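> the amino acid sequence is not available; the structure is as follows:
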């Protein structure tokens, strides 16, 4: 196939919303194998937490292609705040990272 597949245990890194499976994106069919991309909001939330430049660029990519809406992502971040300690998340830094993403999109 020529694609790199990487398993990332997002459920161990961030609190997943109850409907995360409904947001998977169908990538394609390869013979009898159906390939899906995990919930883009969960991916974006995990990247807000890590917050390096390439992570923020990835979130910009998702937003520019309308896979995510930043207001909805902000709501997910707010919903994740009560469980931040369980996942070693820094909600204040994640909010700052989200603001940086907004600035990158408006540049």
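On my side now, so go ahead. Small disclaimer: the values here were computed from a predicted structure and weren't measured.
> nearest the geometric middle of this structure, what residue?
Residue closest to the average C-alpha location in the chain (CA atoms, centre = their mean): residue 44, at 1.8 Å.
> need the contact list for that one.
58, 59, 62, 68, 73 (CB atoms under 8 Å, 6 or more residues apart in numbering). Heads up, the C-betas are built off the backbone N, CA and C, glycines and all.
> helices along the protein, start to end?
10-13, 40-50, 53-64, 70-80, 84-87, 91-106 (DSSP state H).
> centroid-wise, who is the farthest residue in this protein?
The C-alpha centroid of the chain is most remote from residue 31, which lies 28.2 Å away (CA atoms, centre = their mean).
> just give the number of residues close to residue 27.
Using other CB atoms under 10 Å, residue 27 has 11 neighbouring residues.
> chain neighbours aside, what residue packs nearest to it?
residue 35 (4.3 Å; CB to CB, 6 or more residues apart in numbering).
> what bridges to that neighbour?
For residue 35, the beta-bridge partners under DSSP bridges are residue 28.
> I figured it hits residue 28, correct?
Yes. Under the criterion of CB atoms under 8 Å, residue 35 makes contact with residue 28 at 5.5 Å.
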